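In: Quick check, what structure comes out for this input:
(2 chains)
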Amino acid sequence: MVEDAATGAETASGSVVLPNAAGLHARPAVKLTQQAKGFTSCIEFALAPGGPWIDAKSPVKVMRAKAPKGAVLHFRAIGPDAGDALAAMLALAGDGFGET
Amino acid sequence: MTERRFFGQAASPGLAEGRLVRLAATHAAARAGQGGPTEEAALLDRAIEAARDALLRLAARADPDAAEMLGFQVALLDDPALAEPAHASIQDGQPADAAWAAALDAEIAGYEAAEDEYFRARASDLADLRDQVLARITGAPDTILPNGAIVVAEDLPPSRFLAIQWQEGGGIALARGSPSSHVAMLARARSVPMVVGIGPVPAALADGTAALVDGEGGTLVLDPAEATRALLRRAAYAAQARAASAEPFRLRPATTADATPVRVLLNVGDPAELEGLNPAICDGIGLTRTEFLFSGTGSLPDEATQLEAYARILRWADGRPVVLRTLDAGGDKPIGGLTIDGESNPFLGVRGIRLSLVRPEVFRVQLRAIARAAALGPVSLMLPMVAVPAELGAAQALLEQELEALSAAGIACARPPVGIMVEVPAAALCADRFAADFYSIGSNDLTQYTMAAARDIGAVAALNDHADAAVMALVTRTVEAAAARGVEVSLCGDAAGEPRMTEVLLRAGLRSLSMAPGSVAAVKQAIAHVDLARPR
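Out: All right, here's what the predicted structure looks like:
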């Protein structure tokens, strides 16, 4: 995690393997976006470390990614609660959104 | 009225009897006029809001599973990203309805192009949102579906399903659709019998026609004969009882009472069907219907797409053998841009291997993908609708050329065993003439060609009996040819999955049966009751 002394904004990043049988489908996508919206930080994920980056607060965009089972989700968060946001995203995805 | 049958895929078991009600696709009514961009944008926002509120009201009285599915749709409507392209078009002067329809159609196309059946199935959730919002823009009235009806539609969105009181009975038959769709999951959860993929139902059919949905056999029967009703009722009742008693056999190896081992294989289409299935229930895949690859939107699948699908099946099978059947299009399985339209009798026309040999540029792609898959695991290649040895020879020559080309290019490949489907009486009568590495009896087509009776014509359906002595004589002859040539023989038609046929097939000498995953437990149970040491 890197903290910007001037603004207090943090950036945090990490990745997790998607364990769900059906991939990042409807129910997990809704859970992911609901949880992401609970944070002030901008939260994004990508299927490759270099992007393209997808807004984790938009169910439409999350579903467009069609992330299959076994995909590696790379997360990054930027904002005052970036560290907490990232930890929450990794925990939720790593746990298979509570359905594995 | 004569009985008519439409065959599809079973999506939810059980038998439903009722009156047919067609749900026409929602077509937006013409609008009287159009406002400026500001009015149109506001109109779209109000329509989205109204559709969202209607979904929330439906969710409030739905059970948790259904509420979650509707919640997904609400989440999409709540997301400004969904309407973003529509708002952009409105600013460019488009009316709200056209802008919304175009934006959602683009979104839907993205889902339909998905490789994964699960994501493809979400297209119907999006189509529902499109129609719900459109209806509110144009003021089109909602069609009310009666309870207890047999709903026949192109596709059925969950919101429509949930608006029906299924406690009063009823069933669903969809022209398209998928067993993985949300509505299929809802139907299974509520025990509403459902079949999908029955193909276009004639537009002339009147609402109120007597109809049966057989969720075991995957069939819609219209104007059923009294005998058909009685038969299916007994079958549905028996199926419930059987399913319960057969369950313990599912994971056991199949052996007869006299300890003769029998190979139980699976028939599959889209690899997504295998998700959640334990490979330990079977000895491999006896039939992969590769048509699923060709059912997408327009373009034919390229080599990489095919290879990935085959590799996915191999990964699931985990070392067990996998038989890939080359494209069996034509007959009742037309494919746009590939099969030949307007044949006077498609079942006796250019289908199966015949089509592949007249379209070698398409066939070669599949041969290459299968040869590459054979480098990854135990793959066999099977040719459908072979009638004469020259067809097998021509396919083998093409395969040989592609193997050479792949090797020359340094691409990993292997020569799979090449077998034939025995489903044309000519092939069954002279099976020993074919230099095939194995035979697989396609009992559905073999029955229809032997008895000269189609299974989808109710008036002759009784003749279409795979237990008939003439059909069984051809089965026996094929088994003998296989034994004489020292090659394997299997049977992969519906007969393989019917417990009443198990003893007959084993006594004909078959020791390998390939069936739908849902039949495994019942057939293994039937096998365990057969004692081949005792004469019948």
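In: Which neighbouring elements make contact with the helix or strand containing B:I137?
Out: Using DSSP states H and E, B:I137 sits in helix B:123-138. On a contact count with 3 or more CB pairs under 8 Å, 6 or more residues apart in numbering or on different chains; DSSP states H and E, helix B:123-138 meets helix B:37-60, helix B:64-78, helix B:96-112, helix B:158-162, helix B:182-189. Every C-beta, even on glycine, is put in place using the N, C-alpha and C of the backbone.
In: ok, and what's touching stretch B:262-271?
Out: By CB atoms under 8 Å, 6 or more residues apart in numbering or on different chains, the residues outside stretch B:262-271 that reach it are B:117, B:254-256, B:274, B:281-289, B:291-292, B:309, B:312-313, B:316, B:323, B:490, B:492, B:497, B:506, B:511-517, B:520, B:523-524, B:527.
In: so how far is it from its chain's centroid?
Out: Chain-centre distance of stretch B:262-271: 14 Å, with CA atoms, centre = their mean, to the nearest Å.
In: By average pLDDT, which secondary structure element in chain A comes out worst?
Out: When each helix and strand of chain A is scored by mean pLDDT, DSSP states H and E, strand A:2-3 comes last, with a mean of 51.
In: Parallel or antiparallel, which strands does the helix or strand that that strand is followed by pair with?
Out: The first helix or strand that comes after strand A:2-3 along the chain, using DSSP H and E, is strand A:10-17. Here strand A:10-17 is paired, per DSSP bridges, with strand A:2-3 (antiparallel), strand A:72-79 (antiparallel).
In: Just name the most buried of these.
Out: strand A:72-79 (a mean of 21; mean count of other CB atoms under 10 Å in any protein chain shown).
In: Show me what secondary structure element comes after that strand.
Out: Following strand A:72-79 toward the C-terminus (DSSP H and E): helix A:82-94.
In: residues of that next one that come out buried?
Out: Neighbour counts over helix A:82-94 (16 or more other CB atoms under 10 Å in any protein chain shown) mark A:A82, A:G83, A:D84, A:A85, A:L86, A:A88, A:M89, A:L90, A:L92, A:A93, A:G94 as buried.
In: likewise stretch A:56-76?
Out: Judged by neighbour count using 16+ other CB under 10 Å, the buried positions of stretch A:56-76 are A:56-69, A:71, A:73-76.
In: Could you list the low-confidence segments of the chain?
Out: As the question left the chain open, I've gone with chain A. A:1-9, A:21-22, A:99-100 (pLDDT under 70).
In: I was thinking of chain B, sorry if that wasn't clear
Out: Across chain B, the ranges flagged by pLDDT under 70 are B:1, B:25-33, B:140-145, B:180, B:189, B:295-299, B:332-333, B:456-459, B:461.
In: OK, now which residue of the stretch 201-350 of chain B is nearest to chain A?
Out: Among all residues of the stretch 201-350 of chain B, B:E275 sits closest to chain A, at 5.7 Å; criterion: CB to the nearest CB.
In: what residues does the stretch 1-150 of chain B put near chain A?
Out: B:68-69, B:71-72, B:75-76, B:78-79, B:81-82, B:107, B:110, B:114, B:116, B:118-119, B:122, B:125 (CB under 8 Å from any CB of the partner chain).
In: Please pick the buried ones from those.
Out: Buried by 16+ other CB under 10 Å: B:68-69, B:71-72, B:75-76, B:79, B:81-82, B:107, B:110, B:114, B:116, B:118-119, B:122, B:125, out of the residues of the stretch 1-150 of chain B next to chain A.
In: circling back to that earlier point, next step: the buried residues of stretch A:56-76 restricted to helices.
Out: Among those, DSSP state H puts A:P59, A:V60, A:K61, A:V62, A:M63, A:R64 in helices.
In: if we look at chain B, which of those residues are close to it?
Out: Subset of these in contact with chain B: A:P59, A:V60, A:K61, A:M63, A:R64, counting by CB under 8 Å from any CB.
In: from those residues, which is closest to B:P64?
Out: Nearest to B:P64, judged by CB to CB, of these is A:P59 at 19.0 Å.
In: That closest one and A:P28 touch, don't they?
Out: No. The pair A:P59 and A:P28 does not pass the contact test of CB atoms under 8 Å, sitting 10.3 Å apart.
In: Would you mind listing what in the stretch 301-450 of chain B touches chain A?
Out: Near chain A, when you scan the stretch 301-450 of chain B using CB under 8 Å from any CB, you find nothing.
In: Quick one: the strands in the stretch 301-450 of chain B, in order.
Out: Ranges of strands in the stretch 301-450 of chain B, per DSSP state E, counting those that start in this stretch, are B:322-325, B:379-383, B:418-422, B:438-441.
In: I'd like these as a markdown table, with mean neighbour count appended.
Out: Below are those laid out as a markdown table (neighbours: other CB atoms under 10 Å in any protein chain shown):
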| stretch | mean neighbour count |
| --- | --- |
| strand B:322-325 | 25 |
| strand B:379-383 | 26 |
| strand B:418-422 | 26 |
| strand B:438-441 | 27 |
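In: any chance of those in CSV, with distance to A:Q35 too?
Out: Listed next are the strands of the stretch 301-450 of chain B as CSV, based on distance: least, CB to CB, whole Å:
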stretch, distance to A:Q35
strand B:322-325, 40
strand B:379-383, 43
strand B:418-422, 51
strand B:438-441, 50
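In: So which of those strands is nearest B:L156?
Out: Nearest to B:L156, of the strands of the stretch 301-450 of chain B and by CB to CB, is strand B:322-325 at 30.4 Å.
In: Alpha carbons of the closest one, in CSV - could you do that?
Out: Listed next in CSV are the C-alpha coordinates belonging to strand B:322-325 (Å, rounded to 0.1, in the frame of the first residue of the first chain):
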residue,chain,number,x,y,z
VAL,B,322,-14.0,-39.0,-25.1
VAL,B,323,-15.8,-39.6,-28.4
LEU,B,324,-16.2,-36.5,-30.5
ARG,B,325,-18.8,-36.8,-33.3
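In: partners of that strand, with directions?
Out: strand B:285-289 (parallel), strand B:379-383 (parallel).
In: hmm, who's touching that strand?
Out: Under CB under 8 Å, 6+ apart, the answer for strand B:322-325 is B:265, B:284-290, B:310, B:313-314, B:370, B:373, B:377-384, B:416, B:419, B:421, B:440, B:514.
In: Great, nothing more from me.
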